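Chemist: okay, structure incoming, though there's no sequence with it:
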Ligand SMILES: Cc1ncc(C[n+]2csc(CCOP(=O)(O)OP(=O)(O)O)c2C)c(N)n1
Ligand SMILES: Cc1ncc(C[n+]2csc(CCOP(=O)(O)OP(=O)(O)O)c2C)c(N)n1
Ligand SMILES: [Mg+2]
Ligand SMILES: [Mg+2]
C-alpha cells in the first residue's frame, strides 16, 4: 500500500537516526516539503537567517550529536549555493550533513523554462555539478519507484563516510505516495566488516611491534576518532593497556583531558616541550584517526618516523609502511584492547606529565592571552560544550585543559571564519537534547561579523550560550601572518554589548558585558549568576591588537615562510 | 624589461577599465596581493564583512557603473565558495564581475599538502571545477610567461559577455616580475563586428516588416539593453522613429520613464490594461535585449506571436522565426535608427497612455501597498539610484514611475534575497563616483536578515543611502505562494531602529525612524532634512503581514499553479 509521501518517508528516516532539529531557509521550491517538517510530531524546524549559517548549524549539531546527523534544507540555486562553503567545510572536516534542496517540479525539470533562480541558459544541472565536488553521495529524487532506495543509499553514505550528501526534492515528488515498508528495516550505519584473516594478521603485527617497543608506546588520538565514533573504544584501549595518551588539536577531548595518563596536545614543534619530548622519543606511536593538516601538525613538523608508527583509520590500517585496506578501527580497537591488556602492568609505569594550565607570572592587569586561557580553564565545567573560532581563540583554547566530559568543537582544517556562530546554534540545540551543560563560544571581533545574524536564531530558540567576544580591533591572526598594520586587517568596531538586545527585538532576556581588565573578568567569571548561564550572554573582552597565544605566533612564523608572498 | 609585478599588471588593467573600488575579505592566500591594492593610488579596498556580501557589492557596483566591471577578491576555498551564490547571480543576470581568488603558492599547488582551507583529500582543483559552472572564463595564473595574456583574455570575456570570470592568483605569482608592455594597448571591450552583407540584409528585412506593419509598431526594452550597453542607441532609435516604447521589469529605466512616448511596464497578463492592450494589439514588436524569465514576463503570459516579433540581442538578431547569428544590436541599432527615421511623422502619431502612479482611493491611514508606491513616486528625484529587494518591494517598485535619469537596480531573474544589502553598498559607491543623487533601498524584514552586517560597510565608507525597511512580520511574498500562516514564514523581529547605531559603533552619524501610518510617512518624506540624505538613514515601515502589491498577488496565483506542491 502506498501509505506515505516520499517527503514523509525521508523525514521518517531522519527521525530514526535521532534527528530532532532541522535547519534551513524556506523558498518557494521547498515550502510544500516544509509543511511536512512543521507538522511532524518529532521534528522541529529551525528557521535560520541565511543558508550559510544554516549549513554551519547543521554541522555543529552533527558534531555534538555524535552518531546522528545534521540536516539542512535550502531552495534551488540561490539557497543551495549560499550554503556551499558550509557543506564543503563539513566535507573537509568529515561531518555527516544531509543537504536537501527543494527544486522545481519534475515537469519543469524536463521543460527547463527560464524560472527565477535559474542561470537563464537552461542549465538545470549546474548546481548539482558544483555540489558533487563537496558531497560524498547525491540523488535526484525524480523517480517515484526508486525514491525510497535512493534516499536510503544517500543517507547511509552520509553516515558511514561521515561526509555531507546531497538530495534534490522536486516540489511534486515530495507529495507522491509510496509504501512505507522499507522503514521497518532501520538504516544501521552499516559499517563494512573487517575480513577476519587480514584483521587477525594486523592484530598480530601490532602486538609484535608493541612488544618490541618495550615500555615505550604512546597513543595519539586525532579528529577521526571523534568523527568515526570510537571514543569509547579508545577509552577502553587506554584504560586496559595503560599507554600514555595525547591528542592532536583536532582530537582534543576525544579522550578526557582529566584522565591521569593524558599528557596534552601534540602539535609538532609547537607543542609544550614535555609533550614533544615524550612523543618524539617513544619507540612506537599508536595513532588513532590521524588527520595531518598544517594547523593540526604545527605546520607539518611532526617528528615521528613512519617506521615507528601504527595508524588506525576508519577504513584502513597502516603499520609502518604497509597499508591494510578495509581494516577499520571501529572493529579492530576492541580486539586490540583485549590483546594488549596484558601489557598494562608495564605500560602504566611510563610516566606522563599531566596537562595543566600554565599560570602567567606577570602582575599586569591587562587581559593578555597568557592570562586569559588559564583563567578560562578554571571557568569550564563538566559537560560544557566549548566552541572556538579560527583566530586567536582557536589557538588559545587548545592550551586550556578541559574538565572531564566537556566537549571541544572547532574547525581546524577548514578554518572558515564565522562558522562558529552557526555551529554554536546547532551545538547548543544538540547539547540541550543530550542534557549537556553550558554552550560556550570564543570568537574574534572579525569572525563574528561574517555570520552575526544567527545570534538571533539562538535567542529565538530560547538558547542560552555564553559568547566571549575577543575585541582586539581586527584580524589579529592575520596581522601575525602578513600586513601587521595594514588597513585591510582593520574592521569596523560595533557596539557589541547592544547586539543581543537588538537581535532579540528587546523581547528575549539577555545580558551583555564589557571587561577591560583581569579584575573585571575575574569578577564576572566568579559570579554564579553569570556562570549558570540562565539567559543568553555576551562578554566583550578588550584585548591588545598585537597580542596572540604563543602557539599562534609560532605557527604564523612557520606558515609565513611557506606562503612566500614576495 | 620586467618592470611590473603580475599582481600590479592585473590591477592596472582594472584601473584602465575604470575600476576604483575593489571588494572582498582578506585571507592568508591573498594578503600579499592586497598590499598592492592598498598601495595603489587609484584603487580603494572596501573590506566587506563576508564574501557573499562582497560579491553582491561587486555586482551592484558593476550594475551602476555601466561599461566598467565589479571586482571581488577572496581567499582559497572558504572565501571563494562563500561568494559562489553572488557570482552565480551575476552570471544569471549578466553582470561583469571579476572574481580573483588568492590561492596557495605554485609550489604548494604541485605538492598538494593538506593545508587549511583544503578538502583534506588533495583535490586542489575542486573549487575551480565548481566555479566553472558559474563563470564565463577562468584562468589559473601559474605560468609567468602567459600570465599577462591570460589576464587579458579573462577580463575581455568578462566585459564582452557581461558575465563573471574567475582568476586564481598563487601567493608567489602575484610578485613575479613581467613586462608592462601590453598595458600600452588598452583592452577595448572588443565587440565583434557584424558581417556587413548579413547586417544589411537584416536591416532590409526589418525595414520591410516595419513598413508592412503600417503605423502599429512598438518597442519593448529589456534587461540586456542595460547589460549590453545600448541605452544611448535605444534612446536614439525611439527619438528618431517616434515608436511608442515600453519596458519589461528588468528593462525598467533603460529608457526614461518620463519620456512622453513611454507607456510603462509590460509583464504579460499582469500588466496594466492599457499597456497590455497596446502591446498585444501591435502588428510588430521590436524587442530589444529580451530576457524572458518567469517573473519578467508575468509567468510566461506574453501574448506576442513570434511572427510579429523582431528581437535584437547582443550577439544575434531574430526576425520572426529566423535567427541571424553574430548580428549584434550595439552596431545594428544606429543603422536601424537611420533607416527608420523617415517613418517618424507617422509613428509619432501612435497614441501612448503615459505611465503615471495610480493614487489609491481609500481614506484609510494604514500604509498599504496601494498607498505606499504612489507615495514613493513623489519622493524620487532625478539621478536617484533605487534598489529593490525580491519580495513585496521588487513588485511594488515596478509600479512607480521613476524620474528621468533615475536608475532602477533589482535582481528579478536570480532573486536571491539579501542581495540588495551588498549591492546597495556597491551601487552607492558607483553612484558617488558618477555623481548621481541618492541611493535608496527598499527591502523586507526577512531579506535584510540574510546580509544585514553589510550596513556596517556602508557606514564605514561614509555612504548615506536611505533604507526603507518594510516590516510586515516575515516572508510575506512566500505567504502568498504557500503556507500563508505557517511558522516557517515567520521571522524574529529586531529592534530595527537601533541597528545603524550598533553597526556604526556609535561613531558614525545616522538616523532611524519607525513610521506607523500615512501621516507619519508623509511627514518624514516631506522633511527636506531627511530627503537630502546627508547621513545614513533607516526607515522602518510598519505594514500588514498579508498585504502585497496587486502584481505580486497575480504572479503568486500563476506560479502557485506551476509549482503544484501536492
Ligand atoms: C570565510 C573566511 N574568510 C576569510 C578567512 C581568512 N581569515 C582567517 S582568520 C581571519 C581573521 C579573524 O579575525 P578575528 O575573528 O578578529 O580573530 P582574532 O583577531 O582573534 O585573530 C581571516 C579574515 C577565513 N579563514 N574564512
Ligand atoms: C538566498 C535566498 N533564500 C531564500 C529565498 C526564498 N525567498 C524568496 S522571497 C523570501 C521572503 C522575503 O521576505 P521579505 O524580505 O520580508 O519580503 P516581503 O515580506 O516584503 O515579501 C524568501 C525566503 C530566496 N529567494 N533567496
Ligand atoms: Mg580580532
Ligand atoms: Mg517581510
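Modeler: Looks like it arrived, so ask away. None of these values were measured; they are calculated from a predicted model. Ligands and ions are numbered 1, 2, ... in the order given.
Chemist: switch to C-alpha atoms for all contacts and neighbour counts from now on
Modeler: OK.
Chemist: show me where the stretch 101-250 of chain A has its helices.
Modeler: Taking DSSP state H, counting those that start in this stretch as the criterion, the stretch 101-250 of chain A carries its helices at A:106-111, A:126-132, A:147-161, A:196-212, A:223-227, A:231-241.
Chemist: next up, the contacts around residue A:342.
Modeler: Counting by CA atoms under 8 Å, 6 or more residues apart in numbering or on different chains, residue A:342 touches residue A:241.
Chemist: adding mean neighbour count and mean pLDDT as columns, could you present the helices of the stretch 101-250 of chain A in TSV?
Modeler: Below are the helices of the stretch 101-250 of chain A laid out as TSV (neighbours: other CA atoms under 10 Å in any protein chain shown; pLDDT from 0 to 100):
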stretch	mean neighbour count	mean pLDDT
helix A:106-111	14	95
helix A:126-132	19	98
helix A:147-161	20	96
helix A:196-212	15	96
helix A:223-227	25	97
helix A:231-241	20	97
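Chemist: out of these, flag the one nearest residue A:265.
Modeler: The closest of those to residue A:265 is helix A:223-227. By CA to CA, the value is 12.4 Å.
Chemist: just how off-centre is the closest one within its chain?
Modeler: Relative to its chain's centre, helix A:223-227 lies at 10 Å (CA atoms, centre = their mean, to the nearest Å).
Chemist: got a list of contacts for it?
Modeler: For helix A:223-227, contacts defined as CA under 8 Å, 6+ apart pick out A:63, A:66, A:94-95, A:162, A:231, A:234, A:248, A:250-252, A:254, A:288-291, A:313-314.
Chemist: can you select the buried ones from these in PyMOL?
Modeler: A single PyMOL command selects the buried members of those (16 or more other CA atoms under 10 Å in any protein chain shown):
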select buried, chain A and resi 63+66+94+95+162+231+234+248+250+251+252+254+288+289+290+291+313+314
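Chemist: if you average the pLDDT over the helix or strand where residue A:541 lies, what comes out?
Modeler: Using DSSP states H and E, residue A:541 maps to strand A:536-542. What strand A:536-542 shows for mean pLDDT is 98.
Chemist: swap in stretch A:489-504?
Modeler: Mean pLDDT, stretch A:489-504: 98.
Chemist: can you tell me the closest non-neighbouring residue to the single nearest residue of the stretch 251-400 of chain A relative to ligand 4?
Modeler: Taking CA to the ion, ligand 4 has its nearest neighbour within the stretch 251-400 of chain A at residue A:389, 31.8 Å off. Spatial nearest neighbour of residue A:389, chain neighbours left out: residue A:443 (5.0 Å); criterion: CA to CA, 6 or more residues apart in numbering or on different chains.
Chemist: quick one: that neighbour is in a strand?
Modeler: Yes - counting by DSSP: H, G, I helix; E, B strand; the rest coil, residue A:443 is located in a strand.
Chemist: and it, how far from ligand 1?
Modeler: Using CA to the nearest ligand atom, to the nearest Å, residue A:443 is found at 6 Å from ligand 1.
Chemist: neighbours of that residue, how many?
Modeler: 27 (other CA atoms under 10 Å in any protein chain shown).
Chemist: OK, contacts around the nearest residue to residue A:553 once chain neighbours are set aside?
Modeler: Leaving aside its sequence neighbours, residue A:553 sits nearest to residue A:480 (CA to CA, 6+ apart; 6.7 Å). Residues near residue A:480 by CA under 8 Å, 6+ apart: A:553, A:556-557.
Chemist: just the buried members of those residues?
Modeler: Among the contacts of residue A:480, those classed as buried by 16+ other CA under 10 Å are A:553, A:556.
Chemist: coming back round to it: which is the next helix or strand following the strand holding residue A:541?
Modeler: Moving toward the C-terminus from strand A:536-542, the next helix or strand (DSSP H and E) is helix A:550-563.
Chemist: ok, the residue nearest to residue A:553 to residue B:242 distance?
Modeler: Between residue A:480 and residue B:242 the computed distance is 65 Å (CA to CA, to the nearest Å).
Chemist: also residue A:434?
Modeler: Taken as CA to CA, the span from residue A:434 to residue B:242 is 73 Å.
Chemist: the more surrounded of these two?
Modeler: residue B:242 (24 against 12).
Chemist: how many other residues sit next to the residue lying closest to the more buried one once chain neighbours are set aside?
Modeler: Excluding its sequence neighbours, the residue lying closest to residue B:242 (CA to CA, 6+ apart) is residue B:348, at 4.4 Å. Residues contacting residue B:348 under the criterion other CA under 10 Å number 18.
Chemist: and what of residue A:145?
Modeler: Other residues near residue A:145 come to 11 when the count uses other CA under 10 Å.
Chemist: per-residue pLDDT of it, please?
Modeler: On the pLDDT scale, residue A:145 gets 97.
Chemist: repeat that for residue A:46.
Modeler: pLDDT recorded at residue A:46 is 98.
Chemist: with residue A:349 instead?
Modeler: Residue A:349 is given a pLDDT of 87.
Chemist: from residue B:108, how far off is it?
Modeler: Counting by CA to CA, the separation of residue A:349 from residue B:108 is 43 Å.
Chemist: can you give me the strands in the stretch 51-200 of chain A?
Modeler: In the stretch 51-200 of chain A, the strands defined using DSSP state E, counting those that start in this stretch lie at A:70-75, A:97-103, A:137-140, A:165-170, A:177-178.
Chemist: mean pLDDT, distance to chain B and mean neighbour count added to those strands, as JSON lines?
Modeler: Shown next, in JSON lines, are these (pLDDT from 0 to 100; distance: least, CA to the nearest CA, whole Å; neighbours: other CA atoms under 10 Å in any protein chain shown):
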{"stretch": "strand A:70-75", "mean pLDDT": "98", "distance to chain B": "10", "mean neighbour count": "29"}
{"stretch": "strand A:97-103", "mean pLDDT": "98", "distance to chain B": "10", "mean neighbour count": "28"}
{"stretch": "strand A:137-140", "mean pLDDT": "98", "distance to chain B": "15", "mean neighbour count": "19"}
{"stretch": "strand A:165-170", "mean pLDDT": "98", "distance to chain B": "9", "mean neighbour count": "26"}
{"stretch": "strand A:177-178", "mean pLDDT": "98", "distance to chain B": "10", "mean neighbour count": "18"}
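Chemist: how about those strands in JSON lines, adding distance to ligand 3?
Modeler: Formatted as JSON lines, the strands of the stretch 51-200 of chain A follow (distance: least, CA to the ion, whole Å):
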{"stretch": "strand A:70-75", "distance to ligand 3": "29"}
{"stretch": "strand A:97-103", "distance to ligand 3": "29"}
{"stretch": "strand A:137-140", "distance to ligand 3": "37"}
{"stretch": "strand A:165-170", "distance to ligand 3": "33"}
{"stretch": "strand A:177-178", "distance to ligand 3": "52"}
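Chemist: go through these and name the closest to ligand 2.
Modeler: Closest to ligand 2 of the strands of the stretch 51-200 of chain A is strand A:70-75 (CA to the nearest ligand atom; 6.3 Å).
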